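In: Quick one: sequence plus predicted model below, questions after.
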Amino acid sequence: MQRLIAIWLFSCLTASQLHAQQPAVRLLTVSPIVGPVIDQKEKATYGLFPYYSADNFVEARFEQHLSPDSTIQLRALLRDGRTVERTFTPAAFATVRTTIEARQQELAGLPPPPAPKTRMPPFLTSRWLRAELRSGVIVEGELLARYRTQLELLPLDSGLVVVERADIVRLEPAPRPQHRATTHFDVGNGHRLFLLPTARNLRRGEGYFQQTDGGLYGASYGFTNNFSVGVLVSVLPFLPLRNQVLLVTPKLSTKLSEKWHVGGGVLYTRLPKLDPEFKPVRTGIGYGIVTYGSADNNVSVGLGYAINKTGIDKTPVLHYGGQRRISRGWSVVSENFLLINDEPGTLGLFGARHAGRRFSLGLGGIYLLPFTNFKEDAFVGFPIYVDVVYRFGKGSR
């Protein structure tokens, strides 16, 4: 009898453990075209989940709770580290499948199902709009930008949403909420500090014009997500054209993971001598760099070698720096050089940057801290660096 009781207790415990190990949810595949996990590329290709910003989206999956109500939820992982959930009805889940299949037919060259005509007001005078999409999703937010094929809306509780005009069934003014939606804008995807580059790069099609210290003008452009070129020239009336300051900065970089980037490039400089003739001195710096972090908060470490007529300098230059956002608009920035030549020390720029949607303003000071003769040669000056940047292209947010 005792043996039977022991076997019965063992069976009960084993059954309870197996029951406890059963998952509370199961993974749903909305369509075999995308599989169980929908990544950023599939979101953009099939026009899914417009209430999540494309720049902040990583991946999403559908899960169904193993409970009597069988609730379906979309779990989305965002670049800022959050995991957000959104409840779907069976009808809304089926609509996502239909949207994917219809888009797949378009990509395959097959005629898509007829779409209802978009009901849009002749003039978009309201800053707050309500857009009903073909998928049944409703997006309501502040109108930030209006393009020929797209609208940029900023909902109150999420990031920037880009809505295709072709997907809109109805567009109408919406009442302004009591609290204004807030967001912040990164500057050039975090691809530079003040003057020093990071291993992050401009997005494809993103660029900006730059004016620095009243006499330097430049532009940078991202030809791909991994390659960009920047140019900076001076406009000083007392210098002939061949003696003006010229900086050219091609950069190639790649993403190793969500946080890690590596890159390298060349900084070509033509700087006039501080003599009566202002003869130009041409040099170059080849460098490699590693960056950890996001567009808003990152640190970078790089190593460079000077290149001139005599060859490659044997003494490297270590550069390091970082930036951190401290409020919606403001970031603090620091970039530094570690000199390990005959006069070792460190020098660099420090300051802050205010970023808007199209314009940004940078203010910086300079410091020099020699490792020898500290009291005689150390100095700090502020402000010595001022830049105004206008951003353009589809990469700007």
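Out: That came in fine, so what should we check first?

In: where do the strands sit along the stretch 101-250 of the chain?
Out: 128-133, 138-146, 150-154, 161-164, 168-173, 207-212, 216-222, 227-234, 246-255 (DSSP state E, counting those that start in this stretch).

In: Which elements pack onto the first one?
Out: So the one you mean is strand 128-133. Strand 128-133 sits against strand 138-146, strand 150-154, strand 168-173, with contacts defined as 3 or more C-beta pairs under 8 Å, 6 or more residues apart in numbering; DSSP states H and E. The C-beta positions use only the backbone N, C-alpha and C, and glycine is treated the same way.

In: now, of those, which is deepest in the fold?
Out: strand 150-154 (a mean of 20; mean count of other C-beta atoms under 10 Å).

In: how about that strand as PDB, C-alpha atoms only?
Out: Provided in PDB are the C-alpha atoms of strand 150-154 (Å, rounded to 0.1, in the frame of the first residue of the first chain):
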ATOM      1  CA  GLN A 150       3.400  60.700 -47.600                       C
ATOM      2  CA  LEU A 151       2.200  62.500 -44.500                       C
ATOM      3  CA  GLU A 152       4.300  62.600 -41.200                       C
ATOM      4  CA  LEU A 153       2.000  62.500 -38.100                       C
ATOM      5  CA  LEU A 154       3.100  62.600 -34.500                       C
END
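
In: Touching it from outside, list them.
Out: Strand 150-154 is contacted by residues 129, 131, 139-146, 160-165, 168, 171, 181, 183 when judged by C-beta atoms under 8 Å, 6 or more residues apart in numbering.

In: So what pairs up with Met141 in the strands?
Out: I think there's a mix-up here, since residue 141 is Gly and not Met. Counting by DSSP bridges, Gly141 is bridged to Leu129.

In: Could you do Gly365 as well?
Out: Counting by DSSP bridges, the residues bridging with Gly365 are Phe350.

In: OK, contacts around it?
Out: Gly365 makes contact with Leu349, Phe350, Gly351, Val380, Gly381, Phe382, Pro383, Ile384, Tyr385, according to C-beta under 8 Å, 6+ apart.

In: contacting residues for the second one?
Out: When you say that, I think you mean Phe350. Here Phe350 is in contact with Val333, Ser334, Glu335, Gly364, Gly365, Tyr367 (criterion: C-beta under 8 Å, 6+ apart).

In: now those in TSV, with pLDDT and distance to Ala108?
Out: Formatted as TSV, the contacts of Phe350 follow (pLDDT from 0 to 100; distance: C-beta to C-beta, whole Å):
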residue	pLDDT	distance to Ala108
Val333	95	48
Ser334	95	52
Glu335	95	50
Gly364	93	53
Gly365	92	58
Tyr367	90	60
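
In: Looking at the residues you listed, spot the one nearest Val262.
Out: Glu335 (18.2 Å; C-beta to C-beta).

In: Near that closest one, how many other residues are there?
Out: Neighbour count for Glu335, taken as other C-beta atoms under 10 Å: 24.

In: ok, now Arg148?
Out: Residues near Arg148, counting by other C-beta under 10 Å: 5.

In: so Phe93 sits in a helix?
Out: Yes: assessed by DSSP: H, G, I helix; E, B strand; the rest coil, Phe93 belongs to a helix.

In: Distance check, it against Arg134.
Out: Phe93 sits 16 Å away from Arg134, going by C-beta to C-beta, to the nearest Å.

In: how about the strands of the stretch 101-250 of the chain, which one is nearest Ala24?
Out: Smallest distance to Ala24 across the strands of the stretch 101-250 of the chain (C-beta to C-beta): 29.9 Å, for strand 138-146.

In: Grab the CA positions of that closest one and hand them over as CSV.
Out: Output in CSV follows, covering the C-alpha atoms of strand 138-146 (Å, rounded to 0.1, in the frame of the first residue of the first chain):
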residue,chain,number,x,y,z
ILE,A,138,-6.7,54.7,-37.3
VAL,A,139,-3.8,57.1,-36.8
GLU,A,140,-4.4,60.4,-35.0
GLY,A,141,-1.7,63.0,-34.4
GLU,A,142,0.0,66.3,-35.2
LEU,A,143,0.8,67.0,-38.8
LEU,A,144,4.6,67.6,-39.0
ALA,A,145,5.3,67.4,-42.7
ARG,A,146,3.3,66.9,-45.9
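
In: Can you give the distance from that strand to the centre of its chain?
Out: 20 Å (C-alpha atoms, centre = their mean, to the nearest Å).

In: Between strand 128-133 and it, find me the angle.
Out: Between strand 138-146 and strand 128-133, the angle comes out at 120 degrees (axes from the mean of the first three to the mean of the last three C-alpha atoms, to 10 degrees).

In: low-scoring stretches of the stretch 1-150 of the chain, by residue?
Out: 1-23, 67-69, 110-126 (pLDDT under 70).
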